[in-house]
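Novice: quick one, fold the following:
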Amino acid sequence: MFAYKFAAGAALLLTLAACGDTDLERGATGAAAGAVTAELLGGNVVTGAVLGGAAGVISDDIRR
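Specialist: This next block holds a predicted model:
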């Protein structure tokens, strides 16, 4: 069950991290999504925010 929740959270995180026009906007959106996802899954909120922010910042670079 944890693996299912983790996969769903990761999918949500990566989807929301791609929102925004600049790296700063994508990073902020990703950090917020990561923190919320971590809270819902019972994880560390700070770690979720850091990972989400990083995913948001690099998401634009991956698409190119």
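Novice: burial count for Gly34?
Specialist: The tally of other residues near Gly34 (other Cβ atoms under 10 Å) stands at 30. C-beta here means a position set from N, CA and C on the backbone, and glycine is covered the same way.
Novice: what residues of the strand or helix carrying it count as buried?
Specialist: Assigned by DSSP states H and E, Gly34 belongs to helix 23-41. Across helix 23-41, burial judged by 16 or more other Cβ atoms under 10 Å covers 26-38.
Novice: just flag the most distant two among the residues you listed.
Specialist: Arg26 and Ala38 (18.1 Å; Cβ to Cβ).
Novice: shaky segments in this protein?
Specialist: For the chain, the stretches with pLDDT under 70 are 1, 12-19, 63-64.
Novice: identify the residues contacting the residue nearest to Asp23 when sequence neighbours are not counted.
Specialist: Nearest in space to Asp23, with sequence neighbours left out and distances taken as Cβ to Cβ, 6 or more residues apart in numbering, is Val57 at 4.9 Å. By Cβ atoms under 8 Å, 6 or more residues apart in numbering, the contact list for Val57 reads 23, 26-27, 30.
Novice: try it again with 7 Å
Specialist: 23, 26-27 (Cβ atoms under 7 Å, 6 or more residues apart in numbering).
Novice: hmm, Gly52 and Ala33 touching each other?
Specialist: Yes - if you go by Cβ atoms under 7 Å, Ala33 and Gly52 touch, sitting 5.1 Å apart.
Novice: returning to what we had before: out of the contacts of Val57, which is nearest to Ala8?
Specialist: Using Cβ to Cβ, the contacts of Val57 come closest to Ala8 at Arg26, 20.7 Å.
Novice: from Asp60, how far out is that closest one?
Specialist: Remark: distance between Arg26 and Asp60 (Cβ to Cβ, to the nearest Å) = 6 Å.
Novice: do Phe2 as well
Specialist: In this view, Phe2 and Asp60 are 30 Å apart by Cβ to Cβ.
Novice: and what of Phe6?
Specialist: 24 Å.
Novice: do the same with Lys5
Specialist: For Lys5, the distance to Asp60 - Cβ to Cβ - is 27 Å.
Novice: what do you get for Thr37?
Specialist: 20 Å.
Novice: on that earlier part again, now, which of the contacts of Val57 sits nearest Val45?
Specialist: Checking the contacts of Val57 against Val45 by Cβ to Cβ gives Gly27 as the nearest, at 16.3 Å.
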